[in-house]
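In: Whatever this is, show me its structure:
(one chain, ligands or ions: 1)
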Amino acid sequence: MKTRICELLQIKYPIIQGGMAWVAEHHLASAVSNAGGLGIIAAGNAPVEVVRAEIRKAKELTKNPFGVNIMLLSPHAETIARLVVEEDVKVVTTGAGNPEKYIGMWKEAGIKIIPVVASVALAKRMEKYGADAVVAEGCEAGGHIGELTTMALIPQIVDAVNIPVIAAGGIGDGRGLAAVFALGAEAGQIGTRFVVSHESIVHDNYKKKIIESKDIDSAVTGRSTGHPVRSLRNNMTREYLKLEKAGTSFEELELLTLGSLKKAVVEGDTVNGSLMAGQIAGLVSKEQSCKEIIEEIIEEANTILKVRD
Ligand SMILES: Cc1cc2nc3c(=O)[nH]c(=O)nc-3n(C[C@H](O)[C@H](O)[C@H](O)COP(=O)(O)O)c2cc1C
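Out: Take a look at the predicted model:
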């Protein structure tokens, strides 16, 4: 399963661990990189010194490449964009916006640039501005999402750009990885399944909720505000959807979710916390190490793809 992504990122297996605010810190990222995938530290809304410490700790735990995910809506995006250059980070993925203004600086530093996109238009634009690859993320994914499904989005982006495409959203096992390869992707980015890994620092209550969840247990909040987010249904999503239906202002809705991901990840509040997870949560049935997850997925995908030859 060697693809252009393996070569570009100097990784053994075409599996990327998605940047996940609060979740994807140095333990998870280094475990994935040590297991042959690409681990990613998510900057989220964290200040620059917190992210710098995370990068340095990850470097102590792995000699393999890892990346940093920059949330472009963060008030610290600009300083973190410079931090990855200072700290000699090899790969940057970006979410929630358009990273155009940083691309020149990152290219000069030799950083591989991989924006997360949810449409053909943005993928083409990112290629034009010099991105090395794109993560094309379907709306099955956990966290902030676009409109299109992985199934519809991947082949259309693959046809529209020449740079390699990494598929995200709904990959839970080797069948999912083989499926996105069939659609033309050259790697899979996985979030939800890695939330339930031994190395993930997420509270046990949150992991348990993912393990117990069924296919229809996620909900999308924030469609009316233009910032849709997928998470597991609970009191918070019910309240949010009720207020959204009643036409509550964006500011008031924001107050409801302020700090809610931290509440779920750190405190294990499954009632009022934001249990971000994708539709594939229903398939995640146990907690495993990142190494076990990656090797299981690769072996299964290999078997399927060999059968198809
Ligand atoms: C808890 C959680 C937090 C996330 N936070 C971010 C983030 O900060 N930045 C980002 O680009 N994507 C974020 N995502 C999306 C993931 O990086 C990844 O693309 C997605 O989880 C893949 O779909 P899957 O959940 O079906 O595996 C998040 C996903 C989850 C589950």
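In: Helices of the stretch 201-309 of the chain, residue ranges please.
Out: Shown for the stretch 201-309 of the chain, the helices assigned by DSSP state H, counting those that start in this stretch span residues 204-212, 235-245, 250-257, 260-262, 290-308.
In: Can I get the second one as CSV, trimmed to CA atoms?
Out: Pointing back at helix 235-245 there. Extracted C-alpha coordinates of helix 235-245, given in CSV (Å, rounded to 0.1, in the frame of the first residue of the first chain):
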residue,chain,number,x,y,z
ASN,A,235,-28.6,16.7,26.4
MET,A,236,-26.3,19.4,24.8
THR,A,237,-27.2,18.5,21.2
ARG,A,238,-30.9,18.3,22.0
GLU,A,239,-30.9,21.7,23.7
TYR,A,240,-28.9,23.2,20.9
LEU,A,241,-31.2,21.8,18.2
LYS,A,242,-34.2,23.1,20.1
LEU,A,243,-32.8,26.6,20.4
GLU,A,244,-31.6,26.5,16.8
LYS,A,245,-35.2,25.6,15.6
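In: helices or strands next to it in the packing?
Out: Contact analysis of helix 235-245 by 3 or more CB pairs under 8 Å, 6 or more residues apart in numbering; DSSP states H and E lists strand 218-221, helix 250-257 as its packing neighbours. For every residue, glycine as well, the C-beta is placed using N, CA and C.
In: Can you flag the weakest of those by average pLDDT?
Out: Ranked by mean pLDDT, those end with helix 250-257 at the bottom, a mean of 88.
In: List the buried residues in that helix.
Out: 253, 256-257 (16 or more other CB atoms under 10 Å).
In: Close to the ligand: what parts of the stretch 201-309 of the chain are there?
Out: Counting by CB under 6 Å from any ligand atom, the stretch 201-309 of the chain comes close to the ligand at 276-278, 280.
In: Break the chain down into its structural domains.
Out: 4-201, 204-280 (automatic domain parsing).
In: about what we covered before: can you pick out the most distant pair from the residues of the stretch 201-309 of the chain next to the ligand?
Out: M276 and I280 (12.7 Å; CB to CB).
In: What residues does the nearest residue to L243 once chain neighbours are set aside make contact with?
Out: Nearest residue to L243 in three dimensions, chain neighbours excluded: L253, at 6.1 Å (CB to CB, 6 or more residues apart in numbering). For L253, the contacting residues are 222, 225, 240, 243-244, by CB atoms under 8 Å, 6 or more residues apart in numbering.
In: and with 10 Å instead?
Out: 221-222, 224-225, 227, 239-240, 243-244 (CB atoms under 10 Å, 6 or more residues apart in numbering).
In: What is the nearest of those to the ligand?
Out: The closest of the contacts of L253 to the ligand turns out to be H227 (CB to the nearest ligand atom; 12.6 Å).
In: In space, what's closest to the closest one - neighbours in sequence excluded?
Out: H144 (6.7 Å).
In: Next, the contact list for the residue of the chain found nearest the ligand, please.
Out: Of all residues in the chain, G191 sits closest to the ligand, at 1.9 Å by CB to the nearest ligand atom. G191 makes contact with 16-20, 23-24, 40, 42, 137, 141-143, 168-169, 171, 276-278, 280 under the criterion CB under 10 Å, 6+ apart.
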